[in-house]
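Chemist: Make a model of this:
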Amino acid sequence: MITKQFKLSIELVPSTIWYVNLYNHYKNNNQMEKWHQLKQYLFEIERKHCWVCKKEERNLEAHEFWEYDDYKHIQKLAAVHHLCDLCHKIKHIGLWLHSIDGDKMLHQQRIKKEDIIDHFCKVNICSVADFKKYEERAFVQWEQRSKFQWKQDLGIYHPKFGLKELKSQQRLVN
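Modeler: Numbering: from 1, shown residues only. Take a look at the predicted model:
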């Protein structure tokens, strides 16, 4: 388990549950209007600020924050918040810094890997060495979690609940 808690953390989803998420549920069931309603709700409560670094940005990306029960192998959707591009790239660092597709997309966007690492260090007030140690531990944790099949709990975000129920139950903590 990763011990040091950073404000901006790396979230590596176990490979056995890749692409099983709320966004893809809506997409695969032709219900993208529900995802857009959720994003609009996020704009209403979070404004146009990144949830993590607080940077004001017009183009924010909704990110699903997951919690893991490493004993029962349950992945629980804890929250959905808007993130700026660089914070979102940290969350999905496996794609952006460790894949050929990520390299190509970074090149197209004219973003360097160092820009992403620098953003992590700036937000967390840490060194590049701290980042590298943390990233290494995150991948060790990912390898361990990827050995198991996971059950998923969408909690208050479950599609059976509407936006009305979400608004009444969601606690915003940051």
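Chemist: which residues of the protein score low on pLDDT?
Modeler: Scanning the chain with the threshold set as pLDDT under 70 gives 1-4, 161-174.
Chemist: Grab the nearest non-local neighbour of residue 60.
Modeler: residue 82 (3.7 Å; Cβ to Cβ, 6 or more residues apart in numbering). Just so you know, the C-beta spots here come from the backbone N, C-alpha and C atoms, and that holds for glycine as well.
Chemist: Just to be sure, that neighbour is in a strand?
Modeler: Yes: the assignment for residue 82 is a strand, going by DSSP: H, G, I helix; E, B strand; the rest coil.
Chemist: Surely it is in contact with residue 42?
Modeler: Yes: taking Cβ atoms under 8 Å as the definition, residue 82 is a contact partner of residue 42 at 5.0 Å.
Chemist: where do the strands sit along this protein?
Modeler: 61-69, 74-83, 151-153 (DSSP state E).
Chemist: possible to save the ones you listed as TSV with distance to residue 25 and mean neighbour count?
Modeler: TSV is the format used below for the strands of the chain (distance: least, Cβ to Cβ, whole Å; neighbours: other Cβ atoms under 10 Å):
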stretch	distance to residue 25	mean neighbour count
strand 61-69	11	17
strand 74-83	10	19
strand 151-153	10	14
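Chemist: just so I know, which of those strands lies nearest residue 141?
Modeler: strand 61-69 (8.9 Å; Cβ to Cβ).
Chemist: Contacts for that closest one, please.
Modeler: Residues outside strand 61-69 that contact it (Cβ atoms under 8 Å, 6 or more residues apart in numbering): 11, 13, 21-23, 35, 38-39, 42, 51, 74-85, 87-88, 91, 145, 150, 157.
Chemist: at 7 Å what do you get?
Modeler: 11, 13, 21-23, 38-39, 42, 75-83, 85, 88, 91, 145 (Cβ atoms under 7 Å, 6 or more residues apart in numbering).
Chemist: Equivalent analysis for stretch 38-54, please.
Modeler: Under Cβ under 7 Å, 6+ apart, the answer for stretch 38-54 is 7-8, 55-58, 60, 62, 80-84, 87, 123, 163, 172, 174.
Chemist: Identify the residues contacting residue 106.
Modeler: 96, 113.
Chemist: roughly how far out does the helix ranked longest in the chain sit from the chain middle?
Modeler: When the chain is parsed with DSSP state H, its longest helix is helix 128-145. The chain centroid and the centroid of helix 128-145 are separated by 16 Å, computed with Cα atoms, centre = their mean, to the nearest Å.
Chemist: And that helix, what does it pack against?
Modeler: helix 113-124 (3 or more Cβ pairs under 7 Å, 6 or more residues apart in numbering; DSSP states H and E).
Chemist: Thanks again, I'm all set now.
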